[in-house]
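[1] starting from these lines, generate the structure:
(one chain, ligands or ions: 2)
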Amino acid sequence: MDKLVIHGPSQLEGEVRISGAKNAALPIMMGALLTPEPVRLSNVPHLRDVTTTLQLLASMGTRIVVDEKLNIELDTSDIHSREAPYELVKTMRASILVLGPLLARFGEARVSLPGGCAIGSRPVDVHIHGMEKMGAEIRVEQGYIHARADRLKGAHILMHTVTVTGTENLLMAAVLADGVTVLENAATEPEVQDLCHYLNKMGANIRGIGTSTLTIEGVDELKGCEHAIIPDRIEAGTYLAAAALTKSRITATHAEPRHMTAVLEKFVEAGAKLDIEEDRITLDMRDRELKPVDIVTAPYPLFPTDMQAQFLVMNCLAPGRAVIEETIFENRFMHVSELLRMGADIRVQGNKAITKGVDHLVGAPVMATDLRASASLILAGLAAQGETVVNRVYHIDRGYECIEEKFHKLGADIVRLTD
Ligand SMILES: CC(=O)N[C@H]1[C@@H](OP(=O)(O)OP(=O)(O)OC[C@H]2O[C@@H](n3ccc(=O)[nH]c3=O)[C@H](O)[C@@H]2O)O[C@H](CO)[C@@H](O)[C@@H]1O
Ligand SMILES: C=C(OP(=O)(O)O)C(=O)O
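    Ligands and ions are numbered 1, 2, ... in the order given. This is a model prediction of the structure:
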């Protein structure tokens, strides 16, 4: 398995181009199953999860054309399978997002249960109950969700918790349903909004985009469209965190600062100087001192759980005490034990990580079992003294496009070793 070897401490400078958002690209690609006409997607990030999604769609009969600019055309006019098998779903939880589109367009779907993963149990009860309310018959047998419906019917659905993929799955089920669906307590994440805009381009009728109540008037069919994926706010935040940690100045280009308000405010509270333009964010931490910041993760527009691990590393090097409370996933401190091995002072109490800033971190071999935890270990390695080897780069490749090339271009001493 590949590993990344980092020699720190690094001084970063220059510009980094932010890629399209993983968490927008995946549902939007699955949404191609809703129409027999081709959809053309641009700004799709080059990620392992995107490859897995292409494999999943291809296994169902989707024709895929990738042009020289890496735009992706998906043509689902000849779908012959309505199944998402365990082998693919186990590597990417977002595969559950084929359930809504398959059920809505073909009246049946067989999707492996995604199961628990490193950051928590991650049930899909909201997805299932919502589709049942829309008239689907659902059985869960031998690890698979079997769903059937002649035609889904509009329904009033109050989701008991705010769920991003749950909202997306129910949206994609509702756009082809008979009648009006109201989704209450819907997620308002920019990635959910991007999916709504894309579906409306296809001819769907979704109102309330960006609010917690979405009203969807079902239509008989959807058509093809062209769509550019929004920038990845978590990738942008991760590079800015690297600059903060290494007392550097970098600019994230092709970003969307309007999606990052909570995170950008925390960078300022942490002592960074920010210069924000239309689609560029410059963070300057040169000759400035990191300050500890208390954080509570919460659904958008509040502070995202996907940036928690990166800010935890910043707190490790900020003189003083800070508390980070993780309210979304019950087991999302996998990075803590590895950071302790690098000399951090962190105590985990329930869903809180309490840090006392140390003067410096020391490089070590480390490994994490989820995406953002792994990213945070790269950040720690960039700031630490000596060599850090980040094992199981597999997780990073799920969500960060060419991470070592981007950091290398910013001046980091980082190389990938392939076994
Ligand atoms: C592909 C994708 O977009 N992944 C993102 C998505 O994951 P994902 O959509 O899986 O996360 P959810 O928003 O669904 O999870 C939020 C909370 O709701 C709970 N829950 C969820 C569904 C359900 O049916 N029942 C239930 O109880 C989960 O266990 C969790 O505690 O949102 C998360 C929260 O912002 C992000 O960390 C992930 O990066
Ligand atoms: C948890 C994440 O992704 P996923 O939902 O795909 O596991 C993430 O992007 O941080």
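[2] just the element for the closest residue to residue 91 other than its chain neighbours, please.
    In space, and not counting its chain neighbours, residue 91 is closest to residue 52: 5.7 Å by C-beta to C-beta, 6 or more residues apart in numbering. Placement of C-beta: from N, CA and C, glycine included. Secondary-structure assignment from DSSP states H and E places residue 52 in helix 48-59.
[3] centre of the chain versus that helix, how much separation?
    Taking the mean C-alpha point of helix 48-59 and that of its whole chain, the gap between them comes to 16 Å (C-alpha atoms, centre = their mean, to the nearest Å).
[4] is it in proximity to ligand 1?
    No: against ligand 1, helix 48-59 shows no contacts by C-beta under 6 Å from any ligand atom, the least distance being 7.8 Å.
[5] so which elements touch that helix?
    Contacts of helix 48-59 with other secondary structure elements, assessed using 3 or more C-beta pairs under 8 Å, 6 or more residues apart in numbering; DSSP states H and E, are made with helix 22-30, strand 63-66, helix 86-89, helix 394-399.
[6] again, 6 Å this time
    When contacts are defined as 3 or more C-beta pairs under 6 Å, 6 or more residues apart in numbering; DSSP states H and E, helix 48-59 sits against helix 22-30, helix 394-399.
[7] near ligand 2, which residues of this structure?
    Residues of the chain lying near ligand 2 (C-beta under 6 Å from any ligand atom): 23, 93, 94, 306, 371, 372, 399.
[8] which members of those occur in strands, if any?
    Among these, no member falls in strands (DSSP state E).
[9] and the chain, which residues reach ligand 1?
    Counting by C-beta under 6 Å from any ligand atom, the chain sits next to ligand 1 at 23, 26, 93-94, 120, 122-127, 161, 163-166, 191, 304-306, 328-329.
[10] pLDDT of stretch 374-382, averaged?
    Averaging pLDDT along stretch 374-382 gives 98.
[11] tell me the domain ranges of this protein?
    Per the TED database, the structural domains of the chain span 3-19+231-417, 22-228.
[12] can I get these in JSON lines with mean neighbour count?
    What follows is the domains of the chain, written out as JSON lines (neighbours: other C-beta atoms under 10 Å):
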{"stretch": "domain 3-19+231-417", "mean neighbour count": "20"}
{"stretch": "domain 22-228", "mean neighbour count": "20"}
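[13] spatially nearest residue to the residue in the stretch 251-400 of the chain positioned nearest to ligand 2 (excluding sequence neighbours)?
    Nearest to ligand 2 in the stretch 251-400 of the chain, going by C-beta to the nearest ligand atom, is residue 306, at a distance of 4.1 Å. Here the nearest residue to residue 306 in space, its sequence neighbours aside, is residue 234; by C-beta to C-beta, 6+ apart that works out to 4.5 Å.
[14] with residue 268 instead?
    The shortest distance from residue 268 to any residue that is not its chain neighbour, by C-beta to C-beta, 6+ apart, is 6.0 Å, and that residue is residue 274.
[15] can you check residue 311 too?
    The nearest residue in space to residue 311 (C-beta to C-beta, 6+ apart) is residue 295, at 5.7 Å.
[16] same deal with residue 378?
    Distances taken as C-beta to C-beta, 6+ apart put residue 390 closest to residue 378, at 5.7 Å, once the chain neighbours are dropped.
[17] same question for residue 215.
    Setting aside the residues directly before and after it, residue 215 is nearest to residue 207 in space (C-beta to C-beta, 6+ apart), at 4.6 Å.
[18] what's stretch 326-338 in contact with?
    Stretch 326-338 is contacted by residues 118-120, 297-298, 305, 308-309, 346, 348, 351, 353, 366, 368-370, 373, 376-377 when judged by C-beta atoms under 6 Å, 6 or more residues apart in numbering.
[19] apply 7 Å and report the result again.
    Applying C-beta atoms under 7 Å, 6 or more residues apart in numbering, the contact partners of stretch 326-338 are 118-120, 296-298, 305, 308-309, 312, 346, 348, 351, 353, 366-370, 373, 376-377.
[20] quick check: mean pLDDT of that stretch?
    The pLDDT scores in stretch 326-338 average 95.
[21] repeat that for stretch 87-102.
    The predicted model gives stretch 87-102 an average pLDDT of 94.
[22] now for residue 259: which residues touch it?
    Contact criterion C-beta under 7 Å, 6+ apart gives 190, 233 as the residues in contact with residue 259.
[23] try it again at 10 Å.
    Residue 259 makes contact with 21, 189-191, 193-194, 230-234, 236-237, 300-301, 304 under the criterion C-beta atoms under 10 Å, 6 or more residues apart in numbering.
[24] residues contacting residue 61?
    For residue 61, the set of contacting residues under the criterion of C-beta under 10 Å, 6+ apart consists of 75, 76, 77, 78, 79, 80, 81, 82.
[25] can you tell me the closest non-neighbouring residue to residue 308?
    residue 297 (5.2 Å).
[26] over to residue 310?
    Counting by C-beta to C-beta, 6+ apart, residue 310 lies nearest to residue 241, which is 4.0 Å off, once chain neighbours are set aside.
[27] now name the helix or strand holding that neighbour.
    With elements delineated by DSSP H and E, residue 241 resides in helix 233-245, which encompasses its position.
[28] so what touches whichever helix or strand comes after that helix?
    Next along the chain after helix 233-245, taking DSSP H and E as the criterion, comes strand 249-253. Outside of strand 249-253, the residues within contact range by C-beta under 10 Å, 6+ apart are 11-18, 231-233, 235-240, 242-244, 260, 272-273, 275, 277, 279-286, 410-411.
[29] one step back: quick one: average pLDDT of the helix holding residue 241?
    Across helix 233-245, pLDDT averages out at 98.
[30] over to stretch 49-67?
    Stretch 49-67 shows a mean pLDDT of 97 in the predicted model.
[31] ok but residue 343 is inside a strand, no?
    No: counting by DSSP: H, G, I helix; E, B strand; the rest coil, residue 343 is not found in a strand; it is coil.
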